[in-house]
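**Student:** Below: sequence and its predicted model.
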Amino acid sequence: MPRTVIDATKPLMADGSPEGPRTLVFESGDIRRPTTRVSRVEIPGEAGTHVLAPYFLDLDGATLDQLDVKTFFGEGMIVRFRFSEAGAVVGAAEIQEGASTLLQSGDVVLLANLAGAENAPSLSPEAAQWLVESGAKMVGFGEDFLVDIEGSYETHRIFLDARIPIIRNLVNLDQCSGGRLAAIALPLAMTGLASSPVRVLLLD
């Protein structure tokens, strides 16, 4: 059955800002071969849509290349929220209600806030623990959905201590119909990374 492909990746702008590549250099070929164009890019690991490994918070934690590559793709679901006020915290009860009976062990779980950046919620540690115990293998957050309340990494730590990578700054989640989907979010094939930009594609 045909499925809709949604690109959930926030594009990186080569403007030198903290949100994009600091340098983007295009090099041309030389006289020894036909002219080519080669890009040389320096990208902060947390720019744009990116994924975090346990090593992000723990010097003894796994780096992205040490996680099973099957962690970064598979079936899953999206849980969507819309809040009328800023500062909301999504608790375990809200996650359980939103996931309903759709959540399966081994799922990629995406969290979306449809109310915009001004009403960005965060996820409580209790909700994170419920997702861990329910078998989530990777979690992703829309760009208007905070992982933690400001100044805390407790929710981050619950996921990362369980070797569950965290994707941040997803976009276009409002295009998903809701419910079950498939997701792929492969980090760069480099050793030793705590974070990496990812291209995230969803099959809705």
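**Tutor:** Happy to help now that I have it. Numbers count the residues shown, from 1 in each chain.
**Student:** which stretches of the chain form helices?
**Tutor:** In the chain, the helices defined using DSSP state H lie at 92-99, 125-133, 154-161.
**Student:** Return the distance of the last one from the chain's centre.
**Tutor:** Translated: helix 154-161. Centre-to-centre, helix 154-161 and its host chain are 14 Å apart (C-alpha atoms, centre = their mean, to the nearest Å).
**Student:** I'd say residue 7 and residue 198 touch.
**Tutor:** No. Counting by C-beta atoms under 8 Å, residue 198 is not a contact partner of residue 7; they are 11.5 Å apart. Every C-beta, even on glycine, is put in place using the N, C-alpha and C of the backbone.
**Student:** which one of the two has more residues nearby?
**Tutor:** residue 198 (25 against 14; other C-beta atoms under 10 Å).
**Student:** Please name the residues that touch the residue nearest the centre of the chain.
**Tutor:** Centroid-nearest residue in the chain, with C-alpha atoms, centre = their mean: residue 167, separated by 1.6 Å. With contact taken as C-beta atoms under 8 Å, 6 or more residues apart in numbering, residue 167 is in contact with 49, 50, 51, 52, 110, 138, 139, 140, 141, 185, 198, 200.
**Student:** Count the neighbours of the closest residue to it other than its chain neighbours for me.
**Tutor:** Spatial nearest neighbour of residue 167, excluding adjacent residues (C-beta to C-beta, 6 or more residues apart in numbering): residue 140 at 3.6 Å. Residues near residue 140, counting by other C-beta under 10 Å, number 27.
**Student:** Distance of residue 140 relative to residue 9?
**Tutor:** According to C-beta to C-beta, to the nearest Å, residue 140 stands 11 Å off from residue 9.
**Student:** State the number of residues packed around the closest residue to residue 61 other than its chain neighbours.
**Tutor:** Spatial nearest neighbour of residue 61, excluding adjacent residues (C-beta to C-beta, 6+ apart): residue 54 at 3.0 Å. When neighbours are defined as other C-beta under 10 Å, residue 54 has 25 of them.
**Student:** Spell out which residues sit in contact with residue 54, please.
**Tutor:** Residue 54 is in contact with 61, 62, 63, 160, 161, 163, counting by C-beta under 8 Å, 6+ apart.
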